[in-house]
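Engineer: This is a predicted model, with the sequence first.
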Amino acid sequence: MGKRLYVGNLSYDVSSSDLEAMMSVHGTVLSAEVITDRSTGQSKGFGFVEMDSDAGAQAAIAALDGQEHGGRSLTVNEARPRAERSGGRGGYGGGRGGGRRDRY
């Protein structure tokens, strides 16, 4: 069991300090961050919490996953490693391939 948790379906007015307070009931929180949009600063409705122990992380999952908070049903589970992202769409921009033009 990892100590890093994903907390999803957060109300958009939940701050990182609110998230830390919510999770600290279940164990010592090392860090808590609500993820925000870079350009607007608006919450994306999810965050990550790092607990100091597996027992605290497990207790938080058991207590909060599926519970209502701010009118929304929370998703709390072990955070998965970030998936590798490709370097973009690559190559040519799409459209019809081959450089051939059909004539009708």
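Structural biologist: Structure received.
Engineer: for the nearest residue to residue 51 once chain neighbours are set aside, helix, strand, or coil?
Structural biologist: By the measure of CB to CB, 6 or more residues apart in numbering, the closest residue to residue 51 outside its immediate chain neighbours is residue 57, 4.3 Å from it. Every C-beta, even on glycine, is put in place using the N, C-alpha and C of the backbone. Under the three-state scheme (DSSP: H, G, I helix; E, B strand; the rest coil), residue 57 adopts helix.
Engineer: Work out the gap between the helix or strand harbouring residue 31 and the centre of the chain.
Structural biologist: Using DSSP states H and E, residue 31 maps to strand 29-36. On the basis of CA atoms, centre = their mean, to the nearest Å, strand 29-36 sits 10 Å off its chain's mean C-alpha point.
Engineer: Please apply the same query to stretch 23-35.
Structural biologist: Centroid separation between stretch 23-35 and its chain, computed with CA atoms, centre = their mean, is 14 Å.
Engineer: Stretch 68-78 too?
Structural biologist: For stretch 68-78, the distance to the chain centre is 12 Å (CA atoms, centre = their mean).
Engineer: In PDB, list the C-alpha atoms belonging to that stretch.
Structural biologist: Presented in PDB, the C-alpha positions along stretch 68-78 are these (Å, rounded to 0.1, in the frame of the first residue of the first chain):
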ATOM      1  CA  GLU A  68     -20.200  12.900   0.500                       C
ATOM      2  CA  HIS A  69     -18.300  16.100   1.000                       C
ATOM      3  CA  GLY A  70     -19.600  19.500  -0.300                       C
ATOM      4  CA  GLY A  71     -22.500  17.700  -2.100                       C
ATOM      5  CA  ARG A  72     -20.100  15.400  -4.000                       C
ATOM      6  CA  SER A  73     -19.200  11.800  -3.500                       C
ATOM      7  CA  LEU A  74     -15.500  11.600  -3.000                       C
ATOM      8  CA  THR A  75     -13.100   9.100  -4.700                       C
ATOM      9  CA  VAL A  76     -10.200   8.300  -2.500                       C
ATOM     10  CA  ASN A  77      -7.600   5.600  -3.500                       C
ATOM     11  CA  GLU A  78      -4.000   4.900  -3.900                       C
END
